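Student: task: produce atomic coordinates for the following.
(2 chains)
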Amino acid sequence: MGIVGRGCWFFLTVPAIAFLAVGFAYPLFRIVLRSLFDPDFTFIHFQTVVAVDAYTRVIWNTVSLAAMVTAITACLAFPVACVLARARGWFASALTIGVVLPLWTSELMRNFAWTVILGRRGPLNQALLALGAIDQPISILFATPAVIIGSVHVMLPFMILPMAVVMAGIDRRLLAVARGLGASPWQAFANVFWPLSLPGVLAGIVVVFGLSAGLYVTPAVLGSQGEAMIAMVIDTQGRRSLNWGLASALSMCLVLVTVGGAAVYLRWIGPDLRVVGRSIDLWTSGGSEPGGRGTG
Amino acid sequence: MGGPGDRRGGRVIVAAAAVVVVTAMVAPILVVIPVSLSSSRFVLFPPPELSLRWYIAFFTDGAWLRASAVSVAVALMTTATTLALGVPAAFGLVRGRFFGRSLVAILLISPMMAPVIQLAIALYWLLIELGMLGTLAGIVIAHSVFTLPFVVVVVAASLRRLDRSYELVAISLGASPFAAICYITLPLIGPGLLIAGLLAFVASFNEFLVARFVTGATTATLPMLLWKGMRFETNPTIAAVATMFAGLSIATLVWVEVGRRRGRRR
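Tutor: The predicted structure follows:
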């Protein structure tokens, strides 16, 4: 259709580009500058991050916690994604709502709920006492295990959705062929299904690792003050201590951690951003059915 | 199926695991319901006696009501702003074939990929520079940066799925391209627009970390009050608020899902 030149469509994106240039790119650029100039060019803030034990420990805490959360989330998400990718009818609807519901409720409220559940007099302790598994209430709250539980809960949808999107696109006949050629169910899974689902698994891992490294609310509500995560330290250094140079340098370190994860991902499987896009699509539950009806 | 192969047993185990995990995802959101109905001053589970006192407390407390009004206003304006910017941008991205298109796509979704704490600092400085820190308009700008990527992605996805021939038929019958888009294309992607709008609304309504940096004393949003309540004066009002919003979220999601299934059957 030559009525509207295809290049003209570009102008429709101009308002959004201008908005994000001013509202996102420019202030982000200022953070980069702020971390390197004070007022002259200096590495002092990055040196502080590397040299001061407290900061290296925070970064290590953040990376190790994010890695643990990512691993646990991946293990829990995999079976859910397998089922979601194949489900039909009301079961699919119920499952989809269950998976995306956490995304539609406030992170604060979900963490509040965990303070109730994990509290000394909460349902978990009551259940364990009733079962006789413990003699007296255990305190899980305000420690690393509580942060991991809360974070995994927050992260599960971000892992399940990309996995389910990729699994839904796997041609099931390949599995049948593998079985027909004499593979055991386990071999068919390990040699056909698993490699084909890998792009979704990796996309989920990158997204979840990046997001959980930047978590603020969950460690603040469920964790202990002693084991702060990087986002909390950035907040304190910036807004409280007005040490914006250091806050900027720390936030650049957080970006490095996140981008590092993404770089590994791109290196491994190439820039398949469609997986991320289709997951968001699914997240709204209004997108293409995980069953792959959408053409993407 | 997912699990080890086609054997019935493996499949049942995988399905059971999935149901357990999804139940564990939903259950914490429902735990707040009994707590909110408690007669006790403290957060107790299960509640000693049932009462609605915390709902009454919410609806008679000026601070909660003002925060609700601010939150709704901010979320509505954010939704309008992001739709106004995001829908044309999605058209441009999907229909256009111009130099640097993938670069534009990356810019438009990049706020989604930056750590939220960094986004918060960036917007904090920007609003100070603009003299808009703590103002409603400032919060709307900040939240629009945050929600724009979601709208672009969702609308672009529904545009990509759309069969363009309806629009081309309208044009060939004499409609201007603009009229064809307004009367044919936009109604056809209506569900996508609705979902994009809902998503922007909910994201803005629940947003905490950016709001923590850019809201002021008179423009505190609900998440700010929830945060204060959780940190300093925990009482079941928080659970009442959480219950009402969880209820709204569930109702919206079920509504969207039912509409989607009905739409497909047609």
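Student: just the helices in the stretch 101-250 of chain B please.
Tutor: When assigned using DSSP state H, counting those that start in this stretch, the helices of the stretch 101-250 of chain B occupy the ranges B:101-113, B:116-130, B:136-161, B:165-172, B:177-180, B:186-188, B:190-206, B:209-214, B:222-232, B:237-265.
Student: to the chain's geometric centre, what's the distance from the last one?
Tutor: Right, helix B:237-265. 12 Å (CA atoms, centre = their mean, to the nearest Å).
Student: count the neighbours of residue 23 for me.
Tutor: Using chain A here. 23 (other CB atoms under 10 Å in any protein chain shown). (C-beta placed from N, C-alpha, C; glycine too.)
Student: the intended chain is chain B.
Tutor: Counted with other CB under 10 Å, B:Thr23 comes out at 10.
Student: still on that earlier bit, mean neighbour count added to the helices of the stretch 101-250 of chain B, as a markdown table?
Tutor: Formatted as a markdown table, the helices of the stretch 101-250 of chain B follow (neighbours: other CB atoms under 10 Å in any protein chain shown):
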| stretch | mean neighbour count |
| --- | --- |
| helix B:101-113 | 18 |
| helix B:116-130 | 22 |
| helix B:136-161 | 24 |
| helix B:165-172 | 15 |
| helix B:177-180 | 14 |
| helix B:186-188 | 14 |
| helix B:190-206 | 22 |
| helix B:209-214 | 23 |
| helix B:222-232 | 19 |
| helix B:237-265 | 17 |
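Student: in JSON lines: the ones you listed, plus distance to chain A and mean pLDDT.
Tutor: Listed next are the helices of the stretch 101-250 of chain B as JSON lines, based on distance: least, CB to the nearest CB, whole Å; pLDDT from 0 to 100:
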{"stretch": "helix B:101-113", "distance to chain A": "5", "mean pLDDT": "83"}
{"stretch": "helix B:116-130", "distance to chain A": "4", "mean pLDDT": "92"}
{"stretch": "helix B:136-161", "distance to chain A": "4", "mean pLDDT": "90"}
{"stretch": "helix B:165-172", "distance to chain A": "6", "mean pLDDT": "87"}
{"stretch": "helix B:177-180", "distance to chain A": "5", "mean pLDDT": "85"}
{"stretch": "helix B:186-188", "distance to chain A": "13", "mean pLDDT": "88"}
{"stretch": "helix B:190-206", "distance to chain A": "4", "mean pLDDT": "89"}
{"stretch": "helix B:209-214", "distance to chain A": "5", "mean pLDDT": "92"}
{"stretch": "helix B:222-232", "distance to chain A": "5", "mean pLDDT": "87"}
{"stretch": "helix B:237-265", "distance to chain A": "4", "mean pLDDT": "82"}
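Student: quick check: B:Leu103 vs A:Ala203, distance?
Tutor: From B:Leu103 across to A:Ala203, the span is 21 Å (CB to CB, to the nearest Å).
Student: B:Leu123 is in contact with A:Arg30, correct?
Tutor: No - A:Arg30 is not in contact with B:Leu123 according to CB atoms under 8 Å; the separation is 11.1 Å.
Student: count the neighbours of the closest residue to chain B within the stretch 101-250 of chain A for me.
Tutor: At 2.0 Å from chain B, A:Pro185 is the closest residue in the stretch 101-250 of chain A, using CB to the nearest CB. A total of 20 residues lie near A:Pro185 under the criterion other CB under 10 Å.
Student: hang on, it packs against B:Gly10?
Tutor: Yes - under the criterion of CB under 8 Å, A:Pro185 makes contact with B:Gly10 at 6.2 Å.
Student: can stretch A:89-109 be said to contact chain B?
Tutor: Yes - using CB under 8 Å from any CB of the partner chain, stretch A:89-109 comes into contact with chain B via A:93, A:95-102, A:104-109.
Student: excluding chain neighbours, what is closest to A:Gln126?
Tutor: Spatial nearest neighbour of A:Gln126, chain neighbours left out: B:Phe45 (7.8 Å); criterion: CB to CB, 6 or more residues apart in numbering or on different chains.
Student: helix/strand/coil for the one you found?
Tutor: Here B:Phe45 is recorded as coil under DSSP: H, G, I helix; E, B strand; the rest coil.
Student: ok, it touching A:Arg121?
Tutor: Yes - at 7.3 Å, B:Phe45 counts as touching A:Arg121 under the criterion of CB under 8 Å.
Student: who has more neighbours out of those two?
Tutor: Using other CB under 10 Å, the more surrounded residue of B:Phe45 and A:Arg121 is B:Phe45, with 19 against 12.
Student: for that one, what are its contacts?
Tutor: Contacts were defined as CB atoms under 8 Å, 6 or more residues apart in numbering or on different chains; by that measure B:Phe45 touches A:Val116, A:Ile117, A:Gly119, A:Arg121, A:Gly122, A:Pro123, A:Gln126, B:Val31, B:Pro34, B:Val35.
Student: go again using 10 Å as the cut-off
Tutor: A:116-117, A:119, A:121-126, B:31-32, B:34-35, B:38, B:239 (CB atoms under 10 Å, 6 or more residues apart in numbering or on different chains).
Student: and for B:Val21?
Tutor: A:Cys75, A:Leu76, A:Ala77, A:Phe78, A:Pro79, A:Val80, A:Val83, A:Gly98, A:Val99, A:Val152, A:Leu156, A:Ile160.
Student: buried among those residues? Make that a ChimeraX selection.
Tutor: Applying 16 or more other CB atoms under 10 Å in any protein chain shown to the contacts of B:Val21, the buried members can be selected in ChimeraX as follows:
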select /A:76,77,78,79,80,83,98,99,152,156,160
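Student: how about the contacts of B:Val21 in JSON lines, adding secondary structure and pLDDT?
Tutor: Compiled in JSON lines, these are given as follows (DSSP: H, G, I helix; E, B strand; the rest coil; pLDDT from 0 to 100):
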{"residue": "A:Cys75", "secondary structure": "helix", "pLDDT": "94"}
{"residue": "A:Leu76", "secondary structure": "helix", "pLDDT": "95"}
{"residue": "A:Ala77", "secondary structure": "helix", "pLDDT": "95"}
{"residue": "A:Phe78", "secondary structure": "helix", "pLDDT": "94"}
{"residue": "A:Pro79", "secondary structure": "helix", "pLDDT": "93"}
{"residue": "A:Val80", "secondary structure": "helix", "pLDDT": "94"}
{"residue": "A:Val83", "secondary structure": "helix", "pLDDT": "92"}
{"residue": "A:Gly98", "secondary structure": "helix", "pLDDT": "90"}
{"residue": "A:Val99", "secondary structure": "helix", "pLDDT": "91"}
{"residue": "A:Val152", "secondary structure": "helix", "pLDDT": "95"}
{"residue": "A:Leu156", "secondary structure": "helix", "pLDDT": "94"}
{"residue": "A:Ile160", "secondary structure": "helix", "pLDDT": "92"}
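Student: alright, calling it a day.
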